[in-house]
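Q: Fold the following for me, if possible:
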Amino acid sequence: MKKNIVWLASYPKSGNTWCRVFLSNYLNKTKETVDINNLQIGSIFSSKHIIEDNTGLDISEYTENECDELRNFAFTKWAENFDDFAFFKTHDAYLPLDSGENMFPVKSTKAAIYFIRNPLDVTISFANHLACTIDKSTNRLCDKNFSIAASKKKFNQQVRQKILSWDLHVKSWTEQNDFPVLVIRYEDMLLNPQKEFKKILKFLKIKTDNNKLNSAIKNSSFDKMKLLEKKTGFKEKPSSCKKFFNVGKSGYYKEILSENQIKKIIKEQKDSMKKFGYL
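A: Sure, this is the predicted structure:
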């Protein structure tokens, strides 16, 4: 069994896709900018397609919990197809199954990179992503039982993912001891992408080539991705969302959130906000 899985984990709208595009460009064997609609890095852990292909099952009639039971086996098997790193994206909180067993295939896991972003900005970006009000996205961000793809009418290519509240999601990944985790702040990626992406390469023990690094950063910049989405669309964008790459700023909650919305988020997410420098 290979031990080659690297989890690209995050609460939604926290820089996960940005890093996937960077790694896809950096590890690309050609000098061409990668197609954002054909990323070879970061298949999502909730993919029905991968689960069905690697179990030989039609999971449409399976319960959500039964689908969770299959994910460990399916992604362990899928990881065998990769010669080097098997990068998988996930928005799931790091939780055990009801049986107490791991949903994530720990024995096949090499490491995880956890992307974190100020929840005061996340709630605005998430509202755009879900095409809902900021009050609604804030309630979801604070919901300790929040899941996505729980409705079979939506996200029909994915199984249910337990997200929990922002604070619990952060704790679930950063406080587990099953494998090493590198925490990367979205704000630091914006401020100094060279430093943060070098940190990721060093963590993964991938040789740093400064020319390739600068080229990959340029080709994965927010402005570049926004332009590519405008020209070709982005297949990972929910149909209800106008733009996947929308604002990409830090601290813009000050212009948008009400005092009550800010107070609610801080009150309920303060532990991890303090720990990671957001308070």
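Q: CA only for contacts and neighbour counts going forward, please
A: Fine.
Q: which residues sit in contact with Thr123?
A: 134, 137-138, 141 (C-alpha atoms under 8 Å, 6 or more residues apart in numbering).
Q: so which of those is the most crowded?
A: Most neighbours among the contacts of Thr123, by other C-alpha atoms under 10 Å: Leu141, with 27 neighbours.
Q: on that earlier part again, could the contacts of Thr123 be laid out in CSV, adding pLDDT, secondary structure and distance to Thr76?
A: Listed next are the contacts of Thr123 as CSV, based on pLDDT from 0 to 100; DSSP: H, G, I helix; E, B strand; the rest coil; distance: C-alpha to C-alpha, whole Å:
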residue, pLDDT, secondary structure, distance to Thr76
Ile134, 93, helix, 38
Ser137, 95, helix, 33
Thr138, 97, helix, 35
Leu141, 97, helix, 30
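Q: Pick out whichever of these sits closest to Gly100.
A: Gly100 lies nearest to Leu141 out of the contacts of Thr123, by C-alpha to C-alpha, at 25.7 Å.
Q: So that closest one is in contact with Val170, correct?
A: No. Assessed by C-alpha atoms under 8 Å, Leu141 is found out of contact with Val170, at 11.7 Å.
Q: Need the max-distance pair from the contacts of Thr123.
A: Pairwise across the contacts of Thr123, and taking C-alpha to C-alpha, the largest span is found between Ile134 and Leu141, at 10.1 Å.
Q: At which residues are the helices of the protein located?
A: Assigned by DSSP state H, the helices in the chain fall at 16-26, 48-55, 64-79, 119-130, 134-141, 166-174, 186-191, 193-203, 210-219, 222-232, 253-256, 259-275.
Q: Check which helices and strands the first one sits against.
A: Read it as helix 16-26. strand 5-10, helix 210-219 (3 or more C-alpha pairs under 8 Å, 6 or more residues apart in numbering; DSSP states H and E).
Q: residues making contact with the longest one?
A: Applying C-alpha under 8 Å, 6+ apart, the contact partners of helix 210-219 are 22-23, 25-26, 33, 193-194, 197-198, 224-225.
Q: Show me which of the residues you listed are buried.
A: 22-23, 25-26, 33, 193-194, 197-198, 225 (16 or more other C-alpha atoms under 10 Å).
Q: Is it possible to get TSV of those that adds pLDDT?
A: Output for the buried ones among the contacts of helix 210-219, formatted as TSV (pLDDT from 0 to 100):
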residue	pLDDT
Phe22	92
Leu23	94
Asn25	88
Tyr26	92
Thr33	76
Pro193	94
Gln194	96
Phe197	96
Lys198	97
Met225	72
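Q: shaky segments in the stretch 51-200 of the chain?
A: Scanning the stretch 51-200 of the chain for pLDDT under 70 picks out the ranges 151-155.
Q: Burial-wise, tell me which of the helices and strands packed on helix 16-26 comes out on top.
A: Ranked by mean neighbour count, the helices and strands packed on helix 16-26 are led by strand 5-10 with a mean of 26 (mean count of other C-alpha atoms under 10 Å).
Q: Please name every helix or strand in contact with that one.
A: Using 3+ C-alpha pairs under 8 Å, 6+ apart, strand 5-10 sits against helix 16-26, strand 86-90, strand 109-116.
Q: would you list those in a markdown table and tack on distance to Lys275?
A: Shown next, in a markdown table, are the helices and strands packed on strand 5-10 (distance: least, C-alpha to C-alpha, whole Å):
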| stretch | distance to Lys275 |
| --- | --- |
| helix 16-26 | 20 |
| strand 86-90 | 22 |
| strand 109-116 | 11 |
